[in-house]
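# model this:
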Amino acid sequence: MGRAEGRVQGKVALISGGARNIGGATARMLVAEGASVVIGDVLDEEGQALADELNATRVGSASYVHLDVTDDDQWRAAVETTTATYGSLTVLFNNAGIFNGGQLQRYKRELWQQMLDVNLTGAFLGCRAAADAMIASGGGSIINTSSIEGLRGTPWAHGYVASKWGLTGLTKSVAMELAPHGIRANSVHPGRISTPATPRHRRGGRGRGRLPGQRRVDLLHRLGVHRRRRHCHAHPDQPLSHPLRQCRRSLSSGCPARPRRSAADPRAHHRGRRSHRRGHHRSHPGHRPRTHRSR
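Okay, the predicted model is just below:
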C-alpha cells in the first residue's frame with residue numbers, strides 16, 4: 001500500500017523566519033503532511049541545516065533562501081525562487097519577528113522603528129511580493145504570526161504591541177482584497193512561547209524573565225512550547241485552546257495566574273460561586289477547594 005496523502009499534499013509554502021522555533025516546527029509539519037517548503041531566514045546555517053534535514057526525509061521537499069524581510073528585493077527573489085523550483089506558490093507564512101522593550105519615557109525611536117520594520121512592514125512586503133504568484137497559482141492561504149499582544153496591551157512592550165495590532169489589521173485588509181482570487185488571509189495569536197528569544201524564562205515559572213510591570217497583566221501563566229500541542233496552550237486539559245479562550249479561562253477565580261481575592265472582598269463570594277458553576281478552576285490541576293461564607 002502506498003503512503004496516504006497528507007492534508008496539504010502538493011501545496012508549496014514560503015516561510016519567513018523558518019529556520020527554527022515556530023517557523024521550523026511549521027516547516028517540519030508541512031513536509032510531513034505532503035507540502036514542499038521554502039525556508040526563508042537570516043540564519044543561513046540553521047536554515048540550510050533544516051532544509052537538509054527535511055530533504056533527508058523526502059527528497060526535494062525543502063529549499064533554503066536568505067531572506068531579510070525588510071528588504072523588498074529579497075522578498076521578490078524568494079518568491080521567484082519558490083515558483084521556479086516548485087512551479088507555484090500556494091502558502092505564505094509571515095512568521096519572522098523580533099522583540100524589544102523599554103520604559104515609555106526612555107524607549108528609543110530606533111527601537112520603535114525596528115519593531116515596525118520587521119514585524120509589520122516585513123509582513124506587508126511579503127504579502128505584496130507573493131500576491132501575484134498566489135493568484136497565478138489559483139489561490140492559497142496567507143498566515144501572519146501576530147501575538148496575544150495583537151489583542152491586548154502590555155507595559156514596556158510598546159513597539160511590539162503596536163506592530164502586532166497593526167499586523168492584525170493588515171491581515172483583515174489583505175483578506176478582503178484577495179478573497180475574490182481564492183486567497184485566504186488569517187492571523188494567529190499565540191501566547192508566550194519558550195524560544196531562544198526568552199532564555200531567562202523557566203518553563204512554568206512565575207515572574208522570571210518578564211519585563212517590569214508585566215506580571216500583573218500576563219494572563220498566560222504557562223509558557224507554550226513550539227514543538228508540541230500546536231505551540232499554543234495555557235492549561236493541560238485544553239491543549240489546543242484558542243488564545244482568547246485561554247485569557248477567559250485565566251480570568252476565572254481559580255486560575256493561579258489571577259490573584260485570589262481576600263475574604264473581606266464582597267465580590268470574592270459571588271465570583272467563586274460563578275467559577276464553580278462553570279467548572280473552570282475545579283478542572284485545574286492546582287485547584288484547592290475554597291469554602292464560602294453564607295449570608
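
# going forward, measure contacts between C-alpha atoms and count neighbours the same way
Will do.

# The helix or strand hosting Ile135: which residues count as buried?
Secondary structure from DSSP states H and E places Ile135 in helix 122-136. Neighbour counts over helix 122-136 (16 or more other CA atoms under 10 Å) mark 122-127, 129-131, 133-135 as buried.

# Output these in TSV; the columns should cover distance to Gly191.
Putting the buried residues of helix 122-136 into TSV (distance: CA to CA, whole Å) gives the following:
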residue	distance to Gly191
Gly122	21
Ala123	19
Phe124	22
Leu125	25
Gly126	23
Cys127	24
Ala129	28
Ala130	27
Ala131	28
Ala133	32
Met134	29
Ile135	32
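
# For the stretch 1-150 of the chain, just list every one of the strands.
12-16, 36-41, 62-66, 91-94, 140-145 (DSSP state E, counting those that start in this stretch).

# gap between the residue nearest to Asp52 when sequence neighbours are not counted and Ala19?
Distance criterion CA to CA, 6 or more residues apart in numbering; nearest residue to Asp52, sequence neighbours excluded, is Ala62 at 7.6 Å. Separation of Ala62 from Ala19 (CA to CA, to the nearest Å): 12 Å.

# tell me, what's touching the two both at once?
Overlap of the contact sets of Ala62 and Ala19 (by CA atoms under 8 Å, 6 or more residues apart in numbering) consists of Ile39.

# circling back: and the helix holding Ile135, average pLDDT?
The pLDDT scores in helix 122-136 average 98.

# Could you give me the buried positions within the longest helix seen in the chain?
Longest helix of the chain, by residue count under DSSP state H: helix 158-178. The neighbour-count check on helix 158-178 (16+ other CA under 10 Å) flags 158-168, 170-171, 174-175, 178 as buried.

# same deal with stretch 100-114?
101-102, 107, 111-112, 114.

# out of the residues you listed, what pair is the most spread apart?
Distance extremes for these: the farthest pair is Gly102 and Gln114 at 13.2 Å, using CA to CA.

# about what we covered before: who are the neighbours of the longest helix of the chain, in terms of helices and strands?
Helix 158-178 makes packing contacts with helix 109-115, helix 122-136, strand 183-188 when contacts are defined by 3 or more CA pairs under 8 Å, 6 or more residues apart in numbering; DSSP states H and E.

# if we can go back for a sec, thinking the residue nearest to Asp52 is in contact with Ser36, fair?
Yes. Between Ala62 and Ser36 there is a contact at 5.8 Å, judged by CA atoms under 8 Å.

# Point out the one among the helices and strands packed on helix 158-178 that comes closest to Glu46.
helix 122-136 (20.5 Å).

# all helices of this protein, in order?
So, for the chain - with DSSP H - the helices run 21-32, 44-57, 72-86, 109-115, 122-136, 158-178, 243-250, 266-278.

# Could you pull up the mean pLDDT of the shortest one?
This means helix 109-115. 96.

# got the contact list for Arg128?
Per CA under 8 Å, 6+ apart, neighbours of Arg128: none.

# Ok, Asn94 next?
15-17, 123, 126, 142-145.

# 10 Å instead, please
Applying CA atoms under 10 Å, 6 or more residues apart in numbering, we find Asn94 in contact with 14-18, 23, 40, 69, 119-120, 122-127, 142-146, 187.

# again with Tyr64
So Tyr64 contacts 14-15, 18-19, 37-41, 44-52, 78, 81-82 (CA under 10 Å, 6+ apart).

# again, but for Ser141
Ser141 neighbours (CA under 10 Å, 6+ apart): 13, 89-93, 134, 175, 178-179, 182-186.

# hmm, which helix or strand of the protein has the shakiest average pLDDT?
helix 243-250 (a mean of 34; mean pLDDT, DSSP states H and E).
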